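Student: attaching a predicted model along with its sequence, questions to come.
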Amino acid sequence: MKKFALLLFLLNVSFLFAQKEVSGVVKDNTGNPLPGVNIVEKGTQNGVSTDMDGAYKIKVKEGATLVFSYVGFSKLEKAATDAVINVVLSEEGGQNLDEVVVTGTRTAPRSNTTSALPIDVLSSKDLTSTGQASFDKALQYKIPSFNTVQTPVNDATSLLDPYEIRNMGPSRTLILINGKRKNLSSLLYVQTSPGRGETGADISAIPTDAIERVEILRDGASAQYGSDAIAGVMNIILKKNTNGGSVTVRSGMTSEGDGEMLGVSMNNGSTVGDKGFVNYTVDFSKVNLSNRPGTVDAAGEAGDFGASLSDVQAFLAKKPDAGNINGSPETAAAKFLVNGGFSLSDETLLYYNAAYVYKKVNSFANYRTPYWRTLADYPFLKDFFGDGTPASYQGYVPTFTGDLNDYNGTLGYKSTKNDWNTDASITVGGNTQTYSVDNSFNRSDIQDADGNNVYLENSPISFKPGGTSFNHVVGNLDISKVLSDKISIGFGSEIRTETFEVIEGDKASWDGMGADSFAGNRPENSSKWNRYNIGAYFDLAYDVTEDFLINGTVRYEDYSDFGDATVWKLSSRYKFLDDKITLRGSISTGFRAPTLHQIYTQKSQYSFVAGQGIQVSGIINNVSPQARQLGIDPLDAEKSTNITVGIGAKPSKNFNFTIDYYNIKVEDRIVLGDRQDTQFGNVAWFENSFDSRTSGLDVVANYNNILLGTGKLGFNLSGNITFQNERISPVKSDNFGPILESLMFTSRPETKWILGANYEIGKFGFSLNNTYFGKTTFNQDGLATNDPNAPVGSVEYLRANLKTEFTPKIVTDLGVTFSATEKLTLALNVNNLLNVLPEWKFVAENAKGVELLNDPAQVKNQSNLITFNQRYSQMTYDGYHFSQLGTMFNLSLNYKF
């Protein structure tokens, strides 16, 4: 009897948990497959997404119901009675609130075709199709208004390349993960290159395989989200799949045979009981060094270092590049991310996500040649970097190692009661960077009590210069309700605490002149600083008619360190011709609080000075005694006014386009000024310096599903044109000259266009993308001036006769995919197929400039000044507009579980 009861129990259990596999294809009304459709077993968190062919496969319980949803399409439910269920979704505007565009509104979400704001939506497939190794570089070749490039100088900056939307710097784009604020990096850019004086979140740390889609709001959004959202908002939506996991192996190298890359990532998911889900990603990668030094000019070297030409020529005969190593550094990274949730009831959901990233970067300072660091000055160097004989000393190259740890996590609770939607969450995040310098020494002439040298011949050759750390804790409460078919409201609050720390270096790294190449953080400059802010907002959306929408938001923020701000936004949208045409526009005010990095950073810095090699200068912060003596005011918030007007059209199911004009005025813009000679040495500082205006046009057009043979062809065109990007008021102090002005306003392409074509036939997919990078211009340190006898730093001295201009270029990328089986896909990407490299030229600013350009000797001299005697001949010392690495080959293999 007991055996019979046990058998009956097991039969009942197997019946309750019996599962069946359901598969099929999802298409639209025209018969075209829909990739990325979400299919969920109703009442559970078990779900999958369709692949590039619209196909899906899911295991469900007997008697289950499948829910099909996709942005802009009506939600559809189907009973899982058959093993094969093919579905057609209709574009009738039905919305699934979890899957529509959620960025840019605090009321009920809408599809990006009905939003009053310009929003780009990129799928995971869009990102991986670029073949780029990191998320930020993938965006570079998908979004025209987004720009990023590695800086020429690879020290701390190599841990995170500066990026920006609409040429407004990394500090003015807010990054969200699943709608929650991502922590800033602890790195402050201080080199004379694009992004100087700024900081931003480390988006390169996010594993691409963890991303379901990216929503990029190209409009000011401080009223909705608070500080930083002046240029726009990037919301990264994480995958929720519980089936259909995969592992991807990536490899690649440049056409020069360096920069070898190897990576492996896995994304997978699972249900947790009947009501929960978890999706996780693990990503490991290693990229070797790519080196692109120039051929160094002997005469320029001899002049800069006061060396004999014959000695320089003898060394350069052995090392034509003077031993310099510059290009793309060696990088290793490990990334972990998890996204999950659990339905506590039909109306409540507990959700969470967390990520951790470790990154190590190995790079090099400029090579110290034997005529730069000479045995006459430092006779012991033959023992440090040779075998003890003078002939063995051939100079040395200091190395720089950066270790980055970045984490973020959110725990939240959503509920719906009486049609009120409540979302309460807490988010933590942090970024720590620590540095090591090796193969160097401290050149300071300091003696101990017995008269012995502390450094020089007794110096260590390895140093720990310290680092920086930033973390925040954010609490959010967001409440919304659709009051009627015309009115939706949303309101909420946010409290945030931030902590920034400068980590002290070991004494040898900062004492005196500190470690040669990268001085450490001094004790008096090292500390921990904290602030908090609290904000509240109210959002009202009013559908005047089915076609006419008005949306308004007001927000109040109060910061503990500089005061409060009240900002607002008004947006509208009008549809007509059966929704084929949409007019939209917005006007808003915004603000950006100075970061703790900008307020408190004070340090010594090794920088290139034209004609003088590498010199030591410094940064003093705005709350220091030195700042008070110089009369430097404390930093205040930037204030902005944004205007956006656009039109969207969908003449047919296969063709759509949008055109949006934007105009952004920023008052009291925060800048890191030029170095000035003061009683405290050659120093720079942050200041609310001037007002600026940025205006331009964004264009996006798509034409898909063109029948060609048995395959389908699609075209896409997108572009960004900058009409105005300039200072519109006098500078507050005489510390912002043409060099920094060009870095801020003209160092990114004035126009950028992406023209792409995709063709899918059978098991093959082909993509061809052409990215046009418009010209960029730099006014660089050291170029001949109108009056070379004028005092250094004066207006006459700063006004150069020449500027450098990077000429427009087109970079072509080719991608081929092959679905070998249902589970195995191979992809080959050739980025920069035609091996196009950045090129620059001098442009005369006046008659004296024309005269200089007619003298080859002067042209060579001016070129040496901005390239450190041709070490950086490809990109100059200040920057360039796209990668200088040339053609890159990438091969990946994806296997679905």
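Tutor: Received, thanks.
Student: now do the strands in the stretch 51-200 of the chain.
Tutor: When assigned using DSSP state E, counting those that start in this stretch, the strands of the stretch 51-200 of the chain occupy the ranges 55-61, 65-69, 76-79, 87-88, 119-123, 146-148, 163-165, 173-177, 180-181.
Student: now the stretch 351-500 of the chain
Tutor: Using DSSP E, counting those that start in this stretch, the strands of the stretch 351-500 of the chain run over 399-417, 420-438, 462-482, 487-503.
Student: ok, which of those comes nearest residue 88?
Tutor: strand 462-482 (27.9 Å; C-beta to C-beta). Using the backbone N, CA and C atoms, a C-beta is placed for each residue, glycine as well.
Student: which secondary structure elements does the closest one sit against?
Tutor: For strand 462-482, the packing partners by 3 or more C-beta pairs under 8 Å, 6 or more residues apart in numbering; DSSP states H and E come out as strand 180-181, strand 420-438, strand 487-503, helix 507-510, helix 596-600.
Student: where does pLDDT dip in the stretch 701-850 of the chain?
Tutor: The stretch 701-850 of the chain contains residues with pLDDT under 70 at 782, 784-799.
Student: show me where it has helices.
Tutor: All helices of the stretch 701-850 of the chain, identified by DSSP state H, counting those that start in this stretch, fall at 738-745, 795-798, 847-853.
Student: next one: the closest residue to residue 322 other than its chain neighbours from residue 258, what distance?
Tutor: Among residues not flanking residue 322 along the chain, residue 296 sits closest, at 4.2 Å (C-beta to C-beta, 6 or more residues apart in numbering). Distance of residue 296 to residue 258, computed by C-beta to C-beta, to the nearest Å: 20 Å.
Student: so for these two, which sits in the more crowded spot?
Tutor: A side-by-side neighbour count of residue 296 and residue 258, using other C-beta atoms under 10 Å, places residue 296 first with 25 against 15.
Student: ok, the more buried one - contacts?
Tutor: Taking C-beta atoms under 8 Å, 6 or more residues apart in numbering, we find residue 296 in contact with 316, 320-322, 324, 869-871.
Student: could you dump these to CSV with pLDDT?
Tutor: As requested, the contacts of residue 296 are exported to CSV (pLDDT from 0 to 100):
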residue, pLDDT
316, 97
320, 96
321, 96
322, 95
324, 93
869, 93
870, 93
871, 92
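Student: of the residues you listed, grab the buried ones for PyMOL.
Tutor: To isolate the buried ones among those in PyMOL, judged by 16 or more other C-beta atoms under 10 Å, type:
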select buried, resi 316+321+322+324+869+870+871
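Student: now flag whichever of the contacts of residue 296 is closest to residue 173.
Tutor: Residue 173 has its nearest neighbour among the contacts of residue 296 in residue 871, at 32.1 Å by C-beta to C-beta.
Student: hey, what's residue 569 bridged with?
Tutor: residue 553, residue 588 (DSSP bridges).
Student: I figured it hits residue 224, correct?
Tutor: Yes - using C-beta atoms under 8 Å, residue 569 makes contact with residue 224 at a distance of 6.9 Å.
Student: anything in contact with each of the two?
Tutor: Taking C-beta under 8 Å, 6+ apart as the criterion, residue 569 and residue 224 both touch residue 553.
Student: which ones among the contacts of residue 296 lie within helices?
Tutor: Among the contacts of residue 296, the ones falling in helices (DSSP state H) are residue 316.
Student: which of the contacts of residue 296 lies closest to residue 804?
Tutor: Nearest to residue 804 among the contacts of residue 296, with distances taken as C-beta to C-beta, is residue 870, at 14.0 Å.
Student: the closest one contacts residue 300, correct?
Tutor: Yes - here residue 870 reaches residue 300: they are 7.3 Å apart, a contact under C-beta under 8 Å.
Student: which residues are in contact with both of those two?
Tutor: residue 864.
Student: from residue 125, how far out is residue 817?
Tutor: 10 Å.
Student: which of these two has more neighbours?
Tutor: The neighbour count for residue 817 versus residue 125, taken as other C-beta under 10 Å, is higher for residue 817 (21 against 14).
Student: is it true that that one touches residue 825?
Tutor: Yes - if you go by C-beta under 8 Å, residue 817 and residue 825 touch, sitting 6.0 Å apart.
Student: about what we covered before: just the contacts of residue 296 now: which is nearest residue 63?
Tutor: Distances from residue 63 to the contacts of residue 296, taken by C-beta to C-beta, are shortest for residue 324, at 69.3 Å.
Student: show me what contacts that closest one?
Tutor: 293-294, 296, 364, 366-367, 397, 871.
Student: now these in CSV, with distance to residue 634?
Tutor: What follows is those, written out as CSV (distance: C-beta to C-beta, whole Å):
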residue, distance to residue 634
293, 43
294, 43
296, 45
364, 38
366, 36
367, 41
397, 41
871, 39
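Student: quick one: residues contacting residue 532.
Tutor: Each residue near residue 532 by C-beta under 8 Å, 6+ apart is listed here: 495-498, 559-560.
Student: let's verify it: helix, strand, or coil?
Tutor: The three-state label given to residue 532 by DSSP: H, G, I helix; E, B strand; the rest coil is strand.
Student: so what's it bridging to?
Tutor: Here residue 532, judged by DSSP bridges, has bridge partners residue 497.
Student: and it, how far is that from residue 501?
Tutor: 16 Å.
Student: do the same with residue 566
Tutor: Where residue 501 is concerned, residue 566 sits at a distance of 31 Å (C-beta to C-beta).
Student: which of these two has more neighbours?
Tutor: Remark: of residue 566 and residue 501, residue 501 carries more neighbours, 20 against 12, as counted by other C-beta under 10 Å.
Student: roughly how far does the more buried one sit from residue 358?
Tutor: 19 Å.
Student: who are the packing partners of the longest strand anywhere in the chain?
Tutor: Of all the segments assigned as strand in the chain under DSSP state E, the longest by residue count is strand 686-708. With contacts taken as 3+ C-beta pairs under 8 Å, 6+ apart, strand 686-708 sits against strand 655-672, strand 711-727.
Student: which one of the helices and strands packed on strand 462-482 lies closest to residue 586?
Tutor: That would be, of the helices and strands packed on strand 462-482 and by C-beta to C-beta, strand 487-503, which comes in at 16.4 Å.
Student: hmm, back to that, highest mean neighbour count out of the helices of the stretch 701-850 of the chain?
Tutor: helix 738-745 (a mean of 21; mean count of other C-beta atoms under 10 Å).
Student: chain center to it: distance?
Tutor: Centre-to-centre, helix 738-745 and its host chain are 21 Å apart (C-alpha atoms, centre = their mean, to the nearest Å).
Student: show me the contact partners of it.
Tutor: With C-beta under 8 Å, 6+ apart as the criterion, helix 738-745 contacts 167, 169, 192-194, 196, 671-674, 692, 725-727, 777-781, 798-800, 803, 878-879.
Student: got the angle for that helix vs strand 655-672?
Tutor: 150 degrees (axes from the mean of the first three to the mean of the last three C-alpha atoms, to 10 degrees).
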